[in-house]
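**Q** Below is the sequence, then the predicted model.
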Amino acid sequence: MQVFHHIRSLREALAEARRDGKRIGFVPTMGNLHDAHLALVKQAQQSCDVVVVSIFVNRLQFGLNEDWDRYPRTLAADSSKLEAVHCDFLFCPDETEIYPNGMDEQTRVIVPAMTDVLCGASRPGHFEGVTTVVTKLFNIVQPDEAVFGVKDFQQLAVIRRMVEDLCMPVQISAGEIYRETDGLALSSRNGFIADAERPRVSQLYRTLSWVGEQISAGQRDFIALAEAGKIQIEEAGFKVDYLEICNSRTLKPAAHDDTEITVLGAMYTESARLIDNLSLELV
């Protein structure tokens, strides 16, 4: 695996790969890699000749009082994991490489409407930071295909809209959610969960699954279902951020005749904010 810290050297290596007619795959991450990240790398390897993974903890997508300072930075362990799955290129720039003019005057990329709901409502400016850095990374790597995890469903939907709206020549692929045996979705922030509450945090997934079962059984009072789900989470001892039933493509509140529906939820533990989702195709 070749490791790059600078844009210029990475571009030179990728230019050589393109001259050889190779298809470039890309997996952007913030590091602290787990099995779900590695699965995205393996997925990219199935359809691409060269796979680039980036590790960059993007301060622009963290709001005030969020966990940028304590976000896990485990570059040595991450590098070993990527080598084990035969990743080709690792790009791990510092902040001045990505934001050479500083962040205050950084040109921003904004996807309207889809970013002011759900996580966007709780984390103002978050998706502006995501879309800005992903645009920069796409311009640096110029991949043929980029793979994102479905766990961050809203992020995936926003990036797909951004790529479509800005006519970016990159295929966006989705990687499935990886879960612990009790249903908890793998996440870098799971390390923040207190030991005492760990047995209970799978309540989020259990609630989303229950809502999905009700919808599959024909229930269409989505507002009542969401409220009932929130009560389940609160009774388990957690604070609900949101639980909403949405059209999978637009993220607008689901209509009774929608055929693609996603149930999205976020909750607070003592020291972590967890998100999850469950998608349904109805006939």
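**A** Nice, I can see it. Numbers count the residues shown, from 1 in each chain.
**Q** Off-centre distance for stretch 74-92?
**A** 19 Å (C-alpha atoms, centre = their mean, to the nearest Å).
**Q** Okay, now that stretch: how far is its last residue from its first?
**A** The first residue of stretch 74-92 is 12 Å away from its last residue (C-alpha to C-alpha, to the nearest Å).
**Q** And for stretch 144-154?
**A** First-to-last residue span, stretch 144-154, C-alpha to C-alpha: 22 Å.
**Q** buried set for stretch 148-168?
**A** 148-163, 168 (16 or more other C-beta atoms under 10 Å). To be clear about C-beta, it is placed using only N, CA and C from the backbone, and glycine gets the same treatment.
**Q** Distance from the chain centre to that stretch, please.
**A** On C-alpha atoms, centre = their mean, the centre of stretch 148-168 falls 9 Å from the chain's centre.
**Q** can you check stretch 138-151 too?
**A** On C-alpha atoms, centre = their mean, the centre of stretch 138-151 falls 12 Å from the chain's centre.
**Q** And for stretch 197-205?
**A** The answer for stretch 197-205 is 20 Å, by C-alpha atoms, centre = their mean.
**Q** Ends of it, what's the gap?
**A** Terminal-residue distance, stretch 197-205 (C-alpha to C-alpha): 15 Å.
**Q** In it, which residues are buried?
**A** Here stretch 197-205 shows 197, 201-205 as buried, counting by 16+ other C-beta under 10 Å.
**Q** those helices in the protein, which residues are they?
**A** Along the chain, the segments classed as helices by DSSP state H run 7-19, 35-47, 75-84, 95-98, 119-122, 126-141, 153-165, 203-216, 222-235.
**Q** So what touches the second one?
**A** Helix 35-47 has contacts (C-beta atoms under 8 Å, 6 or more residues apart in numbering) with 23, 25-27, 29, 51, 53, 81-82, 85-87, 145, 147-149, 151, 173, 175-178, 185-186.
**Q** now do 7 Å
**A** Here helix 35-47 makes contact (C-beta atoms under 7 Å, 6 or more residues apart in numbering) with 25, 27, 29, 51, 53, 81-82, 85, 87, 145, 147, 149, 173, 175, 178, 186.
**Q** Among those residues, which one lies nearest to Glu270?
**A** Closest approach to Glu270 among the contacts of helix 35-47 (C-beta to C-beta): Leu186, at 19.6 Å.
**Q** Lowest mean pLDDT among the helices and strands of this structure, which one is it?
**A** helix 119-122 (a mean of 94; mean pLDDT, DSSP states H and E).
**Q** helices or strands next to that one in the packing?
**A** helix 126-141 (3 or more C-beta pairs under 7 Å, 6 or more residues apart in numbering; DSSP states H and E).
**Q** Now do the buried residues in the helix it packs on.
**A** 126-138, 140-141.
**Q** And stretch 218-229, by the same measure?
**A** Neighbour-count burial for stretch 218-229 [16+ other C-beta under 10 Å]: 222, 225-226, 228-229.
**Q** one step back: any chance of the buried residues of stretch 197-205 in TSV, with pLDDT too?
**A** Below are the buried residues of stretch 197-205 laid out as TSV (pLDDT from 0 to 100):
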residue	pLDDT
Glu197	95
Val201	97
Ser202	97
Gln203	97
Leu204	98
Tyr205	98
